[in-house]
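Asks: Below: sequence and its predicted model.
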Amino acid sequence: MKHYQYYFFDLDGTLLMGEKLIPHAQELIEELYGQEKQVFFKGKKA
């Protein structure tokens, strides 16, 4: 993860399954923020 500054995530099925976080998703995001990475999220509006 050291080589990239920006991370983009699609929420549906990547970080979330329904309304629940996928295992270890929170730890991943916290690690990226801790490394001062730029993190972006996209979800579809129903």
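Replies: Structure received.
Asks: What's the separation between residue 23 and residue 5?
Replies: Going from residue 23 to residue 5 by C-beta to C-beta, to the nearest Å gives 26 Å. Bear in mind the C-beta positions are built from the backbone N, C-alpha and C, glycine included.
Asks: For this protein, which residues score under the pLDDT cut-off?
Replies: Scanning the chain for pLDDT under 70 picks out 1, 45-46.
Asks: quick one: the strands in the protein?
Replies: 6-10, 16-17, 20-21, 38-42 (DSSP state E).
Asks: now the ones you listed as a markdown table including distance to residue 27?
Replies: Formatted as a markdown table, these follow (distance: least, C-beta to C-beta, whole Å):
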| stretch | distance to residue 27 |
| --- | --- |
| strand 6-10 | 14 |
| strand 16-17 | 15 |
| strand 20-21 | 10 |
| strand 38-42 | 13 |
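Asks: if I pick residue 5, what's in contact with it?
Replies: The neighbours of residue 5, taking C-beta atoms under 8 Å, 6 or more residues apart in numbering as the test, are 37, 38.
Asks: at 6 Å instead, please
Replies: Counting by C-beta atoms under 6 Å, 6 or more residues apart in numbering, residue 5 touches residue 38.
Asks: looking at the strands of the chain, which is buried most?
Replies: Most buried of the strands of the chain, by mean neighbour count (mean count of other C-beta atoms under 10 Å): strand 16-17, with a mean of 14.
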